[in-house]
Structures are given as C-alpha cells and as structure tokens.
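Quick one: sequence plus predicted model below, questions after.
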Amino acid sequence: MIPAGLALLLAPQFALRLLFSNRDYGDVMPRLVGVLLIVVGIIVVQIIQHRLELLYLTTLFVRAFIVPSLSGLYVYSRDPLFLSLVLIVGIGIILTGTSYLLERRGH
C-alpha cells in the first residue's frame with residue numbers, strides 16, 4: 001500500500017498508467033487516494049509489527065468490503081484500473097490471511 005500510495009502522491013499519471021487506467025482522473029484525486037493509502041499502509045505495518053492478531057481479522061473484513069466495491073466501480077466505469085486494484089487487494093488478503101493462520105497455529 002505504501003509504495004502505491006507514494007506513486008499516486010508523487011507521480012499520479014504515471015501510477016495510473018501502471019495500473020492500466022483508461023481514464024483521466026486529474027491530479028488531485030489520485031494524490032488524495034495516495035495519501036489515504038500511505039496512512040492505511042502505515043497502520044497495517046504497525047498491526048503486523050506489533051503482531052496485533054485481533055486486528056488481522058479486521059483488515060481481512062475491510063478488504064472483503066473493498067473487493068466488491070472495486071468490482072462495482074469496474075462494472076460502472078469499465079476502467080481496468082479497478083481490476084488491477086482488485087488483484088492487489090486480493091494479494092493482500094492472501095498474505096494477511098496466511099500470516100493470520102500462521103500466527104494462530106503458533107499459539
């Protein structure tokens with residue numbers, strides 16, 4: 001999340017091209033999204049660093065909300081950007097879910 005947030009904040013048009021966007025979103029909204037991604041990314045890093053297992057599940061539920069939301073935005077806009085984001089969030093779900101299960105087994 002943090003690298004994607006930095007890319008959107010510092011080079012929004014380049015980042016959007018990397019994510020296969022076929023629309024022009026200007027510079028302000030992608031930068032705002034970048035700021036939000038950085039903030040959420042920092043929180044997730046802290047959750048992992050402090051091994052707050054209780055919050056792993058919360059991040060999984062939040063991402064479970066994000067995936068259908070992004071899918072709906074794709075259906076609405078037909079912008080492949082949203083499919084790229086579904087893939088990225090999906091990878092995050094897999095990594096977080098794996099970490100969660102490994103932490104649970106360790107206890």
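That came through, no problem. Numbers count the residues shown, from 1 in each chain.

pretty sure Phe82 is touching Ser71, no?
Yes - the pair Phe82 / Ser71 is scored as a contact, 7.1 Å apart, by Cβ atoms under 8 Å. (C-beta placed from N, C-alpha, C; glycine too.)

For the nearest residue to Leu37 once chain neighbours are set aside, give me its contacts.
The shortest distance from Leu37 to any non-neighbouring residue, by Cβ to Cβ, 6 or more residues apart in numbering, is to Gly5 (3.2 Å). The neighbours of Gly5, taking Cβ atoms under 8 Å, 6 or more residues apart in numbering as the test, are 33-39, 41.

what sits against Leu36?
The contact partners of Leu36, taken as Cβ under 8 Å, 6+ apart, are Gly5.

hmm, back to that, pull out the buried residues from the contacts of Gly5.
When the contacts of Gly5 are checked for burial by 16 or more other Cβ atoms under 10 Å, the buried set is 33-34, 37-38, 41.

show me where pLDDT drops low in this protein?
Regions of the chain meeting the criterion pLDDT under 70 cover residues 107.

all helices for it, in order.
Using DSSP state H, the helices of the chain run over 2-10, 12-18, 28-49, 53-77, 81-106.

what residue is smack in the middle of this structure?
Centroid check for the chain by Cα atoms, centre = their mean gives Val89 as the closest residue, at 4.8 Å.
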